[in-house]
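Peer 1: okay, here's the prediction I keep looking at, along with the sequence it came from:
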Amino acid sequence: MANSQSVVRSFFPHSRAGHAGLPRVSSSIVPQRYLLRQGHCVLFSSSPAPAASKRSKKGNRKELQEPVPIPRIRRKNLPHSPDGETITIRPTPFLNKPVTVGEQVVAPKLAHGLERVLFNPGVHFLRDPRSGVYNFNPWLSKITQPEEFNFQALNPYITASKDQTLVDVAEREDCRYASSTSSITNLLSKMHQVLFLEKGLHLGGLSSAFSDQPANLTGMSRKPTSALLYFKNGRYVIDQEKSEEEGDNAILMTLGHSMEKMLTLEPQEFNRYLKSHEGPDVLKGPEAYHFATIENFMLRSQLDCQDDRLPRQTFDLKTRASLAVRMDPRNFLENSAYTLTAKRGLFDSFEREYYDMMRSAFLKYSLQVRIGAMDGIFVCYHNTQNIFGFEYVPLEDMAVALCGSVELGDGSFALSVKTLERLLDVVTKKYWGENIKLTFGPTRKLPVRITCSVAPRFKILGFHSVHQRIC
């Protein structure tokens with residue numbers, strides 16, 4: 001720990017007491033202030049300054065109190081420096097400019113008459129539970145299983161660090177960082193949590209069955225996340241470090257790819273992707289992407305679907321497994337007995353799935369939609385064996401659920417991007433030219449704090465990394 005580190009303190013003033021005695025923000029986003037000092041890298045959220053603890057055993061320096069210790073980093077004797085630099089970050093002006101890259105590929109459209117869902121708010125049953133009449137093609141009711149689908153016919157996913165086009169565009173647009181939505185959303189979500197985790201979610205519109213249910217993000221949403229920064233062509237490309245939980249959710253991720261084809265192709269065309277198909281192989285076409293310069297980031301988003309009648313035309317496809325399957329995805333066949341039969345209620349309902357999405361997925365989904373300049377998400381509810389219904393959720397609804405208003409959602413996104421950029425600037429300036437692993441770890445106690453540990457010159461071994469040294 002001989003090398004000095006950087007302290008980042010963020011103060012987010014609150015206007016007055018809000019729901020359940022927690023502070024809440026006013027109707028407008030206030031600027032973020034950061035104090036950079038030598039010591040451990042810490043990101044604070046609320047206005048009261050962190051209290052100093054008792055004097056250290058070694059010397060008279062005081063240490064910063066941290067509610068939850070972060071592994072691999074010693075928390076004692078963190079030095080203070082009187083010559084700190086104060087930085088103010090405001091949500092405006094905010095640079096978000098689309099970039100044209102090569103020939104523009106048009107995203108597919110919904111099939112089977114599903115486009116009706118886009119313009120009629122609320123849940124749409126695939127089959128009416130009272131009369132048994134199908135509202136859409138009955139062919140959709142049974143989901144093609146992974147062993148029946150030919151995944152070799154799909155284009156492989158290209159990570160940001162292996163996408164030479166992304167690196168070249170970042171160099172052309174003079175962006176310091178480049179990434180994809182799947183890699184950077186977890187980092188941005190931690191920045192958002194500093195701003196709004198204490199405020200809770202806005203559950204307006206849900207029935208009284210959820211009046212006594214938690215109104216905050218799930219524990220899994222607040223867990224630490226890691227990112228790998230690769231130095232390429234004089235800039236950093238950001239990849240998400242894979243976690244063990246991705247193996248548990250492999251069936252859900254796999255079905256997501258095949259179900260996207262189910263929703264956008266007619267049955268005859270979809271059958272060409274089955275292993276039982278005896279005709280000519282499917283020709284792989286180019287994927288539709290959206291590239292944008294957002295502050296000092298060049299970000300790539302894959303476009304799943306589009307409809308010219310929507311305000312922002314494109315939208316994301318999300319396949320949402322039912323409660324029982326999500327809780328135990330390894331035993332998805334046994335848990336597929338759990339079905340959705342009602343619109344409202346604490347269990348066996350679409351409302352429960354929507355409530356769980358608000359707590360565990362809306363933050364990630366909204367960030368993906370914002371980065372890709374999309375209009376919203378098209379949700380397909382299923383239990384891995386059968387599809388139950390569909391719903392379209394515009395970005396505005398997710399912003400209100402997460403932040404309380406559309407304006408606060410816009411400001412939160414701008415501050416999250418600028419906060420992350422500033423933290424990356426601090427780290428990369430010190431270890432310029434080296435590959436770096438970053439781990440953001442939020443605390444569970446109030447006020448919310450985000451700590452960042454840095455491991456330069458890491459080596460990748462499978463899904464794990466070896467720390468050469470810790471700063």
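Peer 2: That came in fine, so what should we check first? Since the model is a prediction, treat every value here as computed from it, not as a measurement. Numbering: from 1, shown residues only.
Peer 1: list the buried residues for stretch 383-403?
Peer 2: Of the residues in stretch 383-403, 383-395, 397-403 count as buried by neighbour count, 16 or more other C-beta atoms under 10 Å. Quick note: C-beta positions are derived from backbone N, CA and C, even for glycine.
Peer 1: only the C-alpha atoms, please, for that stretch, written as PDB.
Peer 2: Provided in PDB are the C-alpha atoms of stretch 383-403 (Å, rounded to 0.1, in the frame of the first residue of the first chain):
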ATOM      1  CA  ASN A 383     -41.900 -20.600 -17.400                       C
ATOM      2  CA  THR A 384     -39.400 -22.200 -19.900                       C
ATOM      3  CA  GLN A 385     -42.100 -24.500 -21.200                       C
ATOM      4  CA  ASN A 386     -45.100 -22.200 -22.000                       C
ATOM      5  CA  ILE A 387     -45.600 -18.500 -22.800                       C
ATOM      6  CA  PHE A 388     -48.300 -16.800 -20.700                       C
ATOM      7  CA  GLY A 389     -48.500 -13.300 -22.000                       C
ATOM      8  CA  PHE A 390     -46.800 -10.100 -23.200                       C
ATOM      9  CA  GLU A 391     -46.400  -6.500 -22.000                       C
ATOM     10  CA  TYR A 392     -44.700  -3.400 -23.400                       C
ATOM     11  CA  VAL A 393     -42.900  -1.100 -20.800                       C
ATOM     12  CA  PRO A 394     -41.800   2.300 -22.200                       C
ATOM     13  CA  LEU A 395     -38.700   4.000 -20.800                       C
ATOM     14  CA  GLU A 396     -40.800   6.600 -19.000                       C
ATOM     15  CA  ASP A 397     -42.500   4.000 -16.900                       C
ATOM     16  CA  MET A 398     -39.200   2.500 -15.700                       C
ATOM     17  CA  ALA A 399     -37.800   6.000 -15.000                       C
ATOM     18  CA  VAL A 400     -40.900   6.800 -12.800                       C
ATOM     19  CA  ALA A 401     -40.500   3.500 -10.900                       C
ATOM     20  CA  LEU A 402     -36.800   4.000 -10.200                       C
ATOM     21  CA  CYS A 403     -36.500   7.700  -9.700                       C
END
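Peer 1: tell me how far that stretch lies from the chain's centre.
Peer 2: The chain centroid and the centroid of stretch 383-403 are separated by 15 Å under C-alpha atoms, centre = their mean, to the nearest Å.
Peer 1: wait, what's in contact with R370?
Peer 2: R370 makes contact with L395, F413, according to C-beta atoms under 8 Å, 6 or more residues apart in numbering.
Peer 1: and S183, by the same measure?
Peer 2: T159, A160, A227, I238, D239, Q240.
Peer 1: change it to 10 Å
Peer 2: The neighbours of S183, taking C-beta atoms under 10 Å, 6 or more residues apart in numbering as the test, are T159, A160, S161, A227, L228, V237, I238, D239, Q240, E241, L299, R300.
Peer 1: which of these has the most neighbours?
Peer 2: For the contacts of S183, neighbours were counted using other C-beta atoms under 10 Å, and L299 has the most, 29 neighbours in all.
Peer 1: okay but it is in contact with L187, surely?
Peer 2: No: between L299 and L187 no contact is recorded; they are 11.7 Å apart, counting by C-beta atoms under 10 Å.
Peer 1: got any residues that touch both of the two?
Peer 2: Common neighbours of L299 and L187 (C-beta under 10 Å, 6+ apart) are S179, I238, V417.
Peer 1: test my guess that the second one contacts F231.
Peer 2: No: because the distance of 11.1 Å does not satisfy C-beta under 10 Å, I238 is recorded as not touching F231.
Peer 1: who touches both of these two?
Peer 2: Joint contacts of I238 and F231 (C-beta under 10 Å, 6+ apart) are I436.
Peer 1: am I right that F136 is in a helix?
Peer 2: No: F136 sits outside any helix when classified using DSSP: H, G, I helix; E, B strand; the rest coil, being coil.
Peer 1: for it, what are its contacts?
Peer 2: Counting by C-beta under 10 Å, 6+ apart, F136 has contacts 111-114, 116-117, 124-127, 387, 389-390.
Peer 1: can you report how many residues neighbour E295?
Peer 2: 19.
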